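A.B. asks: Could you work out the structure for the sequence below:
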Amino acid sequence: MAVMGRRTALWKAAAWGAVGGTLPDLDALIDFGDPVSNMTYHRAESHALFWLTAASLPIGWAVARASGEAALWRRWWLAIWLVLVTHPLLDAMTVYGTQLLLPFTDHPFGVGSIFIIDPLYTLPLLAGVVVALRRGDERGLAWNRFGLLASCAYLGWTAAAQAWVRHEVERELQAQGIAATQVLVTPAPFNTLLWRVVAIDGDDRYHEGFRSLLDGARPLRLDAFPRGTALRAGYADNWYLQRMVWFTRGFYKLERDDGGVVVTDLRMGQEPAYVFAFHLPRPRPAAPAAPPRAVGGRQDIARGLQWLGPRMLGADLPPPR
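C.D. replies: Here you go, the predicted structure:
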């Protein structure tokens, strides 16, 4: 809507923007054959800046023709290109992992400064679109631009807050004598006041804690958990485990379970419930690796929200386990 302005009907720009913004996530409808592949091939080619840029030209031309505005195809192309490429760029601000630079590298980029749902990011955008559609004039477009600027400014805030929390966490780890080889700092759900910390302490264990921007000088409380990486020895040639180690960028744990192991992505969830956990059957000699089974889960939402609110505001509460 901001790019097209008054060159076309605002509802038309909003409708095509909604369609274009949805296209990259249609890869979620593809079944890659097993839950690990479905997880790690999501946000791959469909989220790559190179391929989206290549696709934007024919899509923009088609949208211009379908809108009866073929003379504006360059402007429609610009709008569609921005709709397509800002989708994965925003996704890359979450912790999941977005393969932005395919086909040149499959590195899963994940800044991890914003939760996948954050009202303070979404509501300014929504308000700008709604006001612009209701008014249909220049003042409505000004509201739309303001919503865009406010949301982008909030993204900048999330990165700055994450950097500050990381600095404080690294200082706390040093004070507590924890020689962390990797540190992850991501926001708790729906906010950027409370941040979850995962510190990998060698191969044997990891620590989890929470730091609110309103905690003051209170020391960081960390709980230690076994990481189980010794179990990798029996799965050295297992593609599914190798894939998870790569995709999680080392933030994983292993647990023995029912004739195999469970590999868990430590980035999304909190102890003891994680969204992405997969049971890998024990390898059999001279046989291909058996497909994994998804066993992940979520925290009790009601109980989690009861803890989240006060903890976000600085209350000294242990996390629900």
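
A.B. asks: How is this protein divided into domains?
C.D. replies: Domains of the chain are assigned by automatic domain parsing as 5-158, 164-312.

A.B. asks: is it possible to export these to CSV including mean pLDDT, distance to residue 321 and mean neighbour count?
C.D. replies: No exception for glycine: its C-beta is placed from N, CA and C like everyone else's. Listed next are these as CSV, based on pLDDT from 0 to 100; distance: least, C-beta to C-beta, whole Å; neighbours: other C-beta atoms under 10 Å:
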stretch, mean pLDDT, distance to residue 321, mean neighbour count
domain 5-158, 97, 21, 17
domain 164-312, 93, 6, 17
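
A.B. asks: of all those domains, which lies closest to residue 318?
C.D. replies: Smallest distance to residue 318 across the domains of the chain (C-beta to C-beta): 7.2 Å, for domain 164-312.

A.B. asks: Start and end of that closest one, how far apart?
C.D. replies: This stretch, domain 164-312, spans 16 Å end to end (C-alpha to C-alpha, to the nearest Å).

A.B. asks: from now on call the first residue 59
C.D. replies: New numbering, starting at 59: the last item is domain 222-370.

A.B. asks: contacting residues for the residue nearest to residue 281 when sequence neighbours are not counted?
C.D. replies: Nearest non-adjacent residue to residue 281, counting by C-beta to C-beta, 6 or more residues apart in numbering: residue 266, 5.5 Å away. Contacts here follow C-beta atoms under 8 Å, 6 or more residues apart in numbering; on that basis residue 266 touches 254-256, 280-281, 283, 328-329, 377.

A.B. asks: Tell me where the stretch 59-208 of the chain has helices.
C.D. replies: With DSSP state H, counting those that start in this stretch applied, the stretch 59-208 of the chain shows helices at 68-80, 93-99, 107-124, 131-149, 177-193, 196-233, listed in chain order.

A.B. asks: where does residue 322 land in three-state SS?
C.D. replies: Local secondary structure at residue 322 is given as strand here, using DSSP: H, G, I helix; E, B strand; the rest coil.

A.B. asks: Do I have it right that it meets residue 311?
C.D. replies: Yes. Counting by C-beta atoms under 8 Å, residue 311 is a contact partner of residue 322 at 5.1 Å.

A.B. asks: what separates stretch 131-145 from the chain centre, distance-wise?
C.D. replies: Relative to the chain's own centre, stretch 131-145 is displaced by 23 Å; criterion: C-alpha atoms, centre = their mean, to the nearest Å.

A.B. asks: any residues touching that stretch, and which ones?
C.D. replies: With C-beta under 8 Å, 6+ apart, stretch 131-145 has contacts from 61-62, 65, 71, 74-75, 78-79, 81-83, 105, 107, 110-111, 113-115, 117-119, 121-123, 125, 127.

A.B. asks: so what's the residue nearest to residue 281 bridging to?
C.D. replies: Assessed by DSSP bridges, residue 266 has beta-bridge partners residue 256, residue 281.

A.B. asks: give me every residue that touches the residue lying closest to residue 167 once chain neighbours are set aside.
C.D. replies: The shortest distance from residue 167 to any non-neighbouring residue, by C-beta to C-beta, 6+ apart, is to residue 150 (4.6 Å). The neighbourhood of residue 150, defined by C-beta under 8 Å, 6+ apart, consists of 156, 158, 167-169.

A.B. asks: 10 Å instead, please
C.D. replies: Taking C-beta atoms under 10 Å, 6 or more residues apart in numbering, we find residue 150 in contact with 101, 105, 107, 156-158, 166-170.

A.B. asks: Now for these: which two are most distant?
C.D. replies: The largest separation in the contacts of residue 150, counting by C-beta to C-beta, is between 107 and 170 at 19.3 Å.

A.B. asks: State the distance from the spatially most central residue of the chain to residue 174.
C.D. replies: Geometric centre of the chain, nearest residue: residue 152, 2.9 Å, by C-alpha atoms, centre = their mean. Residue 152 sits 5 Å away from residue 174, going by C-beta to C-beta, to the nearest Å.

A.B. asks: Quick check: neighbours shared by the two?
C.D. replies: In contact with both residue 152 and residue 174: residue 326, using C-beta under 10 Å, 6+ apart.

A.B. asks: Do I have it right that residue 361 meets residue 378?
C.D. replies: Yes. Assessed by C-beta atoms under 10 Å, residue 361 is found in contact with residue 378 at 5.4 Å.

A.B. asks: so who does the closest residue to residue 176 other than its chain neighbours touch?
C.D. replies: With sequence-adjacent residues excluded and distances taken as C-beta to C-beta, 6+ apart, residue 176 is closest to residue 248, at 6.2 Å. With contact set as C-beta under 10 Å, 6+ apart, residue 248 has these partners: 173-178, 363, 366, 370.

A.B. asks: one step back: check contacts around the residue nearest to the centre of the chain.
C.D. replies: If you count contacts by C-beta under 10 Å, 6+ apart, residue 152 has them with 101, 168-176, 244-245, 325-326.
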